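Undergrad: with the input below, show me the fold.
(chains A and B)
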There are 2 protein chains.
Amino acid sequence: MNLSLSTLRAAYADKELSPRDVFAIIGERCEQYRDHNIWIHQLSSAELEPYFQRLEGLEPTSLPLYGIPFAIKDNIDLAGIPTTAACEDFTYTPESSAFVVQRLIDAGAIPVGKANLDQFATGLVGTRSPWGACKNSFDPSMVSGGSSAGSAVSVALGMATFSLGTDTAGSGRVPACFNNLVGVKPSIGLLSASGMLPACRSLDCITIFALQCDDANAVLSVAEGEDSSDAYSRANPFANSTRHYGQWQGALRMGVLPASQLAFFGHEGYEQCYQQSLAAIGSQGVELVEVDFSPFIEAARLLYEGPWVAERFIATSPLIQKRPEALLDVTRTIISAGDKGSAVEAFRAQYRLKELRKAATAILASVDCLLTPTAARPYSIDEVNADPITLNSHLGYYTNYMNLFDLAGVAFPTGFTSSGFPFGLTLVGEAFTDRRLLSVANRLQQLFTLPLGKEQSPYQQLATLPVSDQQRIAVAVCG
Amino acid sequence: MNLSLSTLRAAYADKELSPRDVFAIIGERCEQYRDHNIWIHQLSSAELEPYFQRLEGLEPTSLPLYGIPFAIKDNIDLAGIPTTAACEDFTYTPESSAFVVQRLIDAGAIPVGKANLDQFATGLVGTRSPWGACKNSFDPSMVSGGSSAGSAVSVALGMATFSLGTDTAGSGRVPACFNNLVGVKPSIGLLSASGMLPACRSLDCITIFALQCDDANAVLSVAEGEDSSDAYSRANPFANSTRHYGQWQGALRMGVLPASQLAFFGHEGYEQCYQQSLAAIGSQGVELVEVDFSPFIEAARLLYEGPWVAERFIATSPLIQKRPEALLDVTRTIISAGDKGSAVEAFRAQYRLKELRKAATAILASVDCLLTPTAARPYSIDEVNADPITLNSHLGYYTNYMNLFDLAGVAFPTGFTSSGFPFGLTLVGEAFTDRRLLSVANRLQQLFTLPLGKEQSPYQQLATLPVSDQQRIAVAVCG
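TA: I've put the predicted structure just below:
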């Protein structure tokens, strides 16, 4: 049984299943996939009981996420459960849940557990955790992608309908690509970051993994909302509100990379998948125009080579100053460099970023959105362990720039390599075009017949949703 | 004769005067006020000649700024004339004019000269220049305000219809207050900064001094426009376009400071002027509500105590590194501190700023605009020379936060102390409310009968302008 929102809603509405039944199935799957190192903390029966009791006596249709199981990356707070950020010595137990988590629970969702991650959300691999490398849902010898590793794999393997990740450099997108999922990296501030441990506080956002765009949109609609206690929270413009989710009808013009700027780091399977996916989309009347990706590539490099690593240092201090040995070697190596830079260097890098952003703005204004591979290639866990920093950096080739440029992105699956490993693309747009991107992703998804996550039949059956068009303006008429 | 735009336009249209005639009068005034240290470079007859020749044979009504004299702060480029930033050793001669200067010249305006300033635009006093302290137009023993000192005084004393200043901490507003002028500090990026030497590049903007709001709006309309070569340039939203300049009819609700947050540093005359101005505005049906100014005050302190001084260091390097003695003592003392800070400190300060901005956003959303004194008090040149840093900081009490918060401001005169020194208020709004602020300032101006600048009769005669209201939406109808 797949755990898509429509499947569970129908089963609850028809009284075929109760939330307790669904969590019994999930419990079995957690046991079955224990070797995947998905969970840092799986909620016990006692911990789940209050969630079940709260829903008893309520009509399933009375709450938008009634009984819907979800995973929480373990750098986001769930009241009463430890937050570790995959670092035992950092652990604390929050009294209240993150703003977004609380909204989801209020809407009826039930947390399955706190999911494994690259320590302090620093990494795109999912191997950098004292709780073990999180294994890919399709091939356990391969990386899951990270840092939101357990969040993605738990959805792909049918332990949650959706999950919360976070994204600084690509952590909400790369694991979606490697596990046949939709990954929504919302505009910064669309989802409150209150109760989320930052990696780079000025860039971070909470993300959503789901089996399909409809589910992601439904979760986003519940989770979003301005939060006066988060300085980076922003009001959602009307044009990006949930009512604008739909099929995004009509002609589309997308920016794609010229061949010279594509990188697959030797992975022929991913290169083939990319060309096939693009051909499928191009054959459906979507105009694909080559745009210069160089400002994006340069900005991507700034994220780790520039001053922003100082933000990671801030987020992990004072632990990294007092007991640096509490961190994994690779994590400490990366983050401890954040203490070195000067304010002069920080401002110089921000000037350069502003120049690159200006160039990116002009490029984005010429198309409906960009369309890029989500990740350049996957690696095996052994490969990453042998060369943890360089290979990790390859995974961020198409993702690192996004938050520095204050953009929105939706990663969605489009196919499989000949060996059966998932591949996907990402749509990229300006901040607060989230609904447009989700709508376009939903439309493009209908070109591809794919399973939901890993072996969750039936194959994706997308409903034809009501037409919606952001260019229309809702007019209030008085008279 | 006053040099207001309407006066000169009428005189040119009626062929009563030619640009040469006007510049002859200006030349006499420059001579008369030579002791005021207004100019670093006054254009020679030979340098002016091409500007005159270009206009000959053109109808005065064919160009919006035909023959209009303007002053340029000497940190903004004019082709072929040295830019000094009030530091001889820094001097260079640009081949092309600043983006904004070129637009003004293209519209018919003629530069009078490059105006004196606090060295590297660092200061609010107008005394920090090797070309001598710029003297106040109303009382030569008093400071002119800075850093855009000569720009303001040249307009007040009838040597220019308008002038360009720059503003990081208040340099486009404090000198307006001290010289009975309107000072427009536009939204960052509304006027291109190409060809402007930055003080703090992420915060700076070019400003406009004028005798009245109508003139400032006309100049702004010519000067504004997105510039692809300036990374900080931004497109002007339709609601802020020049067509929305007017009287801003209807009820107004303005935020004012509670008594406990006002500061005049012992200057009773300014305190009296403030209370009288507020009473006059309140008696005209403007609702004045007290708002908490503390986030603004804390942000103001961040500008010099926080990491942003690193930007000044960048702007003056490599000179300040190679030959620090080339700078004035006070300027070097302030700017050389900018080399000390770390990237960690820079990001921490940016986090704090973001929190303060969130609080400010809520305050600004509750009113049409804020209404504050422009400057806390004036000082004499002797007083400032005796205590150059502390007294300077007092002048920025109501201004320093504005660019850190990405706000717009319009300073306008509202009265005189009993000893005849000018006083003024500032309207403050979100970025890209420039036209709203100018419109409101124009409306409030009609409550006060004041001379134009210094001794430029006649007293201000404000025309009743066409009603305009930003809340209306222009609708394109197809059918």
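
Undergrad: just the closest residue of the stretch 151-300 of chain A to chain B, please.
TA: Per Cβ to the nearest Cβ, residue A:231 is where the stretch 151-300 of chain A lies closest to chain B, at 4.0 Å. Using the backbone N, CA and C atoms, a C-beta is placed for each residue, glycine as well.

Undergrad: ok, now the stretch 1-150 of chain A?
TA: Counting by Cβ to the nearest Cβ, the stretch 1-150 of chain A gets nearest chain B through residue A:99, at 14.0 Å.

Undergrad: how about that residue, what does it touch?
TA: A:192, A:193, A:194, A:195, A:227, A:229, A:230 (Cβ atoms under 8 Å, 6 or more residues apart in numbering or on different chains).

Undergrad: any quick ChimeraX command for the buried ones out of those residues?
TA: Selection of buried members from the contacts of residue A:99 for ChimeraX, criterion 16 or more other Cβ atoms under 10 Å in any protein chain shown:
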select /A:192,193,194,195,227,230
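
Undergrad: rebuild the contacts of residue A:99 as JSON lines, extending it with secondary structure and pLDDT.
TA: Converted to JSON lines, the contacts of residue A:99 look like this (DSSP: H, G, I helix; E, B strand; the rest coil; pLDDT from 0 to 100):
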{"residue": "A:192", "secondary structure": "coil", "pLDDT": "98"}
{"residue": "A:193", "secondary structure": "coil", "pLDDT": "98"}
{"residue": "A:194", "secondary structure": "coil", "pLDDT": "98"}
{"residue": "A:195", "secondary structure": "coil", "pLDDT": "98"}
{"residue": "A:227", "secondary structure": "coil", "pLDDT": "97"}
{"residue": "A:229", "secondary structure": "coil", "pLDDT": "96"}
{"residue": "A:230", "secondary structure": "coil", "pLDDT": "97"}
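
Undergrad: that older thread, just the pLDDT for the residue of the stretch 151-300 of chain A closest to chain B.
TA: Listed pLDDT for residue A:231 reads 97.

Undergrad: assumed it was part of a helix.
TA: No: Residue A:231: not assigned to a helix; according to DSSP: H, G, I helix; E, B strand; the rest coil it is coil.

Undergrad: list the contacts of it.
TA: With Cβ under 8 Å, 6+ apart, residue A:231 has these contacts: B:351, B:354, B:355, B:357, B:358.

Undergrad: what's the first helix or strand after the host helix or strand of residue A:10?
TA: Assigned by DSSP states H and E, residue A:10 belongs to helix A:5-13. Per DSSP H and E, helix A:5-13 leads on to helix A:19-32 as the next helix or strand towards the C-terminus.

Undergrad: just the CA atoms of that next one, as PDB, please.
TA: Coordinates of each C-alpha in helix A:19-32 appear next as PDB, following Å, rounded to 0.1, in the frame of the first residue of the first chain:
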ATOM      1  CA  PRO A  19      -4.300   6.000  12.000                       C
ATOM      2  CA  ARG A  20      -3.300   3.100  14.400                       C
ATOM      3  CA  ASP A  21      -3.600   0.700  11.500                       C
ATOM      4  CA  VAL A  22      -1.400   2.900   9.300                       C
ATOM      5  CA  PHE A  23       1.200   3.200  12.000                       C
ATOM      6  CA  ALA A  24       1.200  -0.600  12.500                       C
ATOM      7  CA  ILE A  25       2.200  -0.900   8.800                       C
ATOM      8  CA  ILE A  26       4.800   1.800   9.200                       C
ATOM      9  CA  GLY A  27       6.200   0.100  12.200                       C
ATOM     10  CA  GLU A  28       6.700  -3.100  10.200                       C
ATOM     11  CA  ARG A  29       8.400  -1.200   7.400                       C
ATOM     12  CA  CYS A  30      10.700   0.600   9.900                       C
ATOM     13  CA  GLU A  31      11.700  -2.800  11.200                       C
ATOM     14  CA  GLN A  32      12.200  -4.200   7.600                       C
END
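
Undergrad: now the longest helix seen in chain A: mean pLDDT?
TA: The single longest helix within chain A, with elements called by DSSP state H, is helix A:343-365. Helix A:343-365 shows a mean pLDDT of 97.

Undergrad: give me the buried positions along it.
TA: For helix A:343-365, a neighbour-count test (16+ other Cβ under 10 Å) marks A:343-351, A:353, A:355-361, A:363-364 as buried.

Undergrad: got the phi/psi numbers for the closest residue to residue A:83 other than its chain neighbours?
TA: Closest residue in space to residue A:83, ignoring its immediate chain neighbours: residue A:77 at 5.3 Å, by Cβ to Cβ, 6 or more residues apart in numbering or on different chains. As for residue A:77, its main-chain torsions (degrees, to the nearest 10) stand at phi -80, psi 140.

Undergrad: I'd guessed residue A:77 sits against residue A:96; true?
TA: Yes: at 7.1 Å, residue A:77 counts as touching residue A:96 under the criterion of Cβ atoms under 8 Å.

Undergrad: which one of those two has more residues nearby?
TA: residue A:77 (26 against 13; other Cβ atoms under 10 Å in any protein chain shown).
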